[in-house]
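Novice: what's the 3D shape of this:
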Amino acid sequence: MDDCPQALAAFHRLARLRPAVHRFRNPVLKQPRLAPGPLDGRLIFAVDGEGTREWSIPWPQELGEVDSRVWLTEDPLSADRETVLEEEPLSRLLLQYTLYEAMNAALYQAWAYCMPTARLAPLWSMLRPVPLSPFLPAYTAETFFVAPGLLTRISSEDDEATVSFAALHRATLTPLLEHGFRWSRFDD
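Specialist: Modelled structure (predicted):
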């Protein structure tokens, strides 16, 4: 698309340097498409692999708009579809989406069972928060954190949390065993 939004064009320029971004299970579309029917006036730029969610922006962009607001549509092919406004604008949502998919694609993963949030206290000295609102807030509301070689997402509600980790190298996960979490998956 010739007149692609600035943030989406920048994303695709970076993806050419890192082609693995287009091999994610749910990649950002290389060719965004105009939404049909009731969502007319929107440009769809990402779709999950099951076809149950799609992300779009108003199209064409308003004059002077730099970073479009993003809409998430659930069950886009259903008459019962639901569309909600994402908290982050396009540039920041693309970062959230990429972090989420990078975690899903990582070679080594560790997932802890639900635990009291107080059990996460030892992690705060090593993890740095990614300054974005929670991703998929109506579902898991995952907040991202990073450490050298490690991606982390935490979903918490009240006094309970689930945490998952992703890494390219097995050795990056090994120190996590010292925390004594109960693991539903631990690739070692």
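Novice: Quick one: mean pLDDT over the helix or strand containing residue 43.
Specialist: Counting by DSSP states H and E, the element that carries residue 43 is strand 42-47. Throughout strand 42-47, pLDDT has a mean value of 93.
Novice: next structured bit after that strand?
Specialist: strand 53-58.
Novice: one step back: strands paired with the strand holding residue 43, and their directions?
Specialist: The strands beside strand 42-47 in its sheet (DSSP bridges) come out as strand 28-34 (antiparallel), strand 53-58 (antiparallel).
Novice: Need the contact partners of the longest helix seen in the chain.
Specialist: When the chain is scanned for its longest helix (criterion: DSSP state H), the result is helix 90-105. Taking contacts as C-beta atoms under 8 Å, 6 or more residues apart in numbering, the residues outside helix 90-105 that touch it are 5, 7-8, 10-11, 20-21, 23-28, 45-46, 55, 57, 67-70, 86, 88, 109, 130, 132, 135-136, 142, 144, 151, 153, 164, 166. Where C-beta positions appear, they are placed from N, C-alpha and C, glycine not excepted.
Novice: Now do the nearest residue to residue 49 once chain neighbours are set aside against residue 112, distance only.
Specialist: Here the nearest residue to residue 49 in space, its sequence neighbours aside, is residue 26; by C-beta to C-beta, 6 or more residues apart in numbering that works out to 5.0 Å. For residue 26, the distance to residue 112 (C-beta to C-beta, to the nearest Å) stands at 24 Å.
Novice: Also residue 101?
Specialist: From residue 101 to residue 112 the distance is 21 Å (C-beta to C-beta).
Novice: Ok, residue 94 next?
Specialist: For residue 94, the distance to residue 112 equals 28 Å [C-beta to C-beta].
Novice: what pLDDT does residue 1 get?
Specialist: Residue-level pLDDT assigned to residue 1 equals 49.
Novice: my bad, should have said residue 5
Specialist: Confidence at residue 5, expressed as pLDDT, is 87.
Novice: Report the contact partners of it.
Specialist: By C-beta under 8 Å, 6+ apart, the residues touching residue 5 are 43, 57, 61, 68, 90.
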